[in-house]
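Colleague: this one's structure only:
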């Protein structure tokens, strides 16, 4: 099974990039993992939000396959404890798919077409975070659930 994280735009904050690299190395010890960066939509100043989401959605669809298990990270999604997330993830690993793909959308969320492709919509918190910080927070949680699944002592409960 492969895991992918898709997000829009480059990670520009150095401390976040260093944290992301750290967790990618940790995650890669457990599972095959890749990050797919989608270029940001250009010239959005006068572009309606709906059009921005549709254009971003089209780029997302270029990066996912029909047999992917798609999980959107969205503030309107379901919140889980770490143990619940680990259980949900274990079930997703058993599904006959080649990849589990997590997607962090742009600042306006996802187009309806992207929501309809998702098997699950997940919220990390009801708090608002920058999209760059969400990348790091998510990777820490992915690493944490992999340690839970593998019985490693990283997570304490």
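Modeller: Structure's in. What do you need? Computed from a prediction, not measured in an experiment: that's the story for all the values here. Numbering: from 1, shown residues only.
Colleague: Could you look up the SS state of the residue at minimal distance from the centre of the chain?
Modeller: The geometric centre of the chain, computed from its C-alpha atoms, lies nearest to residue 102 (CA atoms, centre = their mean), at 3.4 Å. Per DSSP: H, G, I helix; E, B strand; the rest coil, the secondary structure class of residue 102 is strand.
Colleague: got the buried residues for the strand ranked longest in the chain?
Modeller: When the chain is parsed with DSSP state E, its longest strand is strand 69-79. Under the neighbour-count criterion of 16 or more other CB atoms under 10 Å, strand 69-79 has 69-75 buried. C-betas here are computed from N, CA, C, even on glycine.
Colleague: And the helices in this structure, which stretches?
Modeller: Along the chain, the stretches classed as helices by DSSP state H are 14-27, 49-63, 82-94, 112-117, 131-149.
Colleague: Need the residues that contact the last one.
Modeller: Taking contacts as CB atoms under 8 Å, 6 or more residues apart in numbering, the residues outside helix 131-149 that touch it are 3, 5, 7-9, 11-13, 16, 19-20, 23-24, 26-27, 30-31, 73, 82-83, 85-86, 89-90, 102, 104, 106-107, 124, 129, 153-155.
Colleague: Of those residues, just the buried ones, ChimeraX syntax please.
Modeller: To isolate the buried ones among the contacts of helix 131-149 in ChimeraX, judged by 16+ other CB under 10 Å, type:
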select :3,5,7,8,9,11,16,19,20,23,24,26,27,30,73,85,86,89,102,104,106,124
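Colleague: Which strands or helices does the longest strand of the chain pack on?
Modeller: Packing partners of strand 69-79 (3 or more CB pairs under 8 Å, 6 or more residues apart in numbering; DSSP states H and E): strand 99-104, helix 112-117, strand 120-123.
Colleague: Among the buried residues of strand 69-79, which one lies nearest to residue 52?
Modeller: residue 74 (15.7 Å; CB to CB).
Colleague: which non-adjacent residue is nearest that closest one?
Modeller: Excluding the flanking residues, the one nearest residue 74 by CB to CB, 6 or more residues apart in numbering is residue 121, at 5.1 Å.
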